[in-house]
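K.L.:
My questions are about this predicted structure, shown below with the sequence.
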Amino acid sequence: MFDPREKIALFIDGANLYAASKSLGFDIDYRKLLGAFQKRGYLLRAYYYTALIEDQEYSSIRPLIDWLDYNGYKVITKPAKEFTDSMGRRKIKGNMDIELAVDAMEQAETVDHLVLFSGDGDFTTLVEALQRKGRKVSVVSTMATQPPMIADDLRRQADHFIDLSSLKGEVGRDPSERPQRPQQNNDDDFDD
């Protein structure tokens with residue numbers, strides 16, 4: 001499936017990967033994820049795409065974004081759009097498909113094998129276009145959930161489908177191992 005001589009790039013649809021790993025009952029250890037694909041070939045780039053809610057004072061995803069940015073990932077974000085649906089419910093939309101597709105098409109000039117972490121069927125056309133450029137495309141998602149989290153068209157189009165559940169031992173960690181956020185301390189911590 002992977003040739004050690006290949007130049008590889010990872011394209012991670014952050015929300016999609018999070019939902020898939022959560023449904024499988026584990027967290028992604030992003031340090032292990034990089035290591036796992038560095039063993040498979042020459043990992044040239046690892047992109048992580050996510051939308052951020054800008055008006056929140058603290059976003060739970062901010063520490064992850066900062067860590068990824070300092071530890072080998074190219075993080076691409078944009079502000080999420082907030083709207084009210086027809087039922088009056090507050091909804092947030094933050095689709096990063098175009099950004100991911102443009103970056104993948106640009107990297108197709110340089111890399112041999114693109115690994116897409118998403119089950120979104122909208123990416124089927126992207127996979128076809130990359131293959132027409134002579135590139136190998138692997139898709140990582142899961143069929144081990146009900147319903148499966150990968151669109152059938154996307155799975156069939158990919159050169160290789162990697163079920164995320166098969167990577168659990170290599171890139172996963174139990175949610176109970178999640179690093180704890182430091183507690184805010186209101187006392188003055190200054191030495192006189």
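P.N.:
Ah, there it is.

K.L.:
shaky segments in the protein?
P.N.:
55-59, 176-192 (pLDDT under 70).

K.L.:
ranges for the strands of it?
P.N.:
7-13, 27-28, 42-52, 74-79, 81-84, 90-93, 113-117, 136-141, 160-163, 172-173 (DSSP state E).

K.L.:
what's the angle from the first one to strand 74-79?
P.N.:
Okay, so that is strand 7-13. Computed by axes from the mean of the first three to the mean of the last three C-alpha atoms, to 10 degrees, the angle separating strand 7-13 from strand 74-79 equals 20 degrees.

K.L.:
counting contacts, what elements does strand 7-13 pack onto?
P.N.:
On a contact count with 3 or more C-beta pairs under 8 Å, 6 or more residues apart in numbering; DSSP states H and E, strand 7-13 meets helix 30-38, strand 42-52, helix 97-107, strand 113-117. C-beta: built from backbone N, CA, C; applies to glycine.

K.L.:
and D29, what is it in contact with?
P.N.:
Contacts for D29 (C-beta atoms under 8 Å, 6 or more residues apart in numbering) come out as 171-173.

K.L.:
before we move on, back to that, winner for burial among the helices and strands packed on strand 7-13?
P.N.:
Among the helices and strands packed on strand 7-13, the stretch with the highest mean neighbour count (mean count of other C-beta atoms under 10 Å) is strand 113-117, at a mean of 26.

K.L.:
returning to what we had before: would TSV of the helices and strands packed on strand 7-13 with distance to I61 be doable?
P.N.:
Shown next, in TSV, are the helices and strands packed on strand 7-13 (distance: least, C-beta to C-beta, whole Å):
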stretch	distance to I61
helix 30-38	12
strand 42-52	6
helix 97-107	16
strand 113-117	16
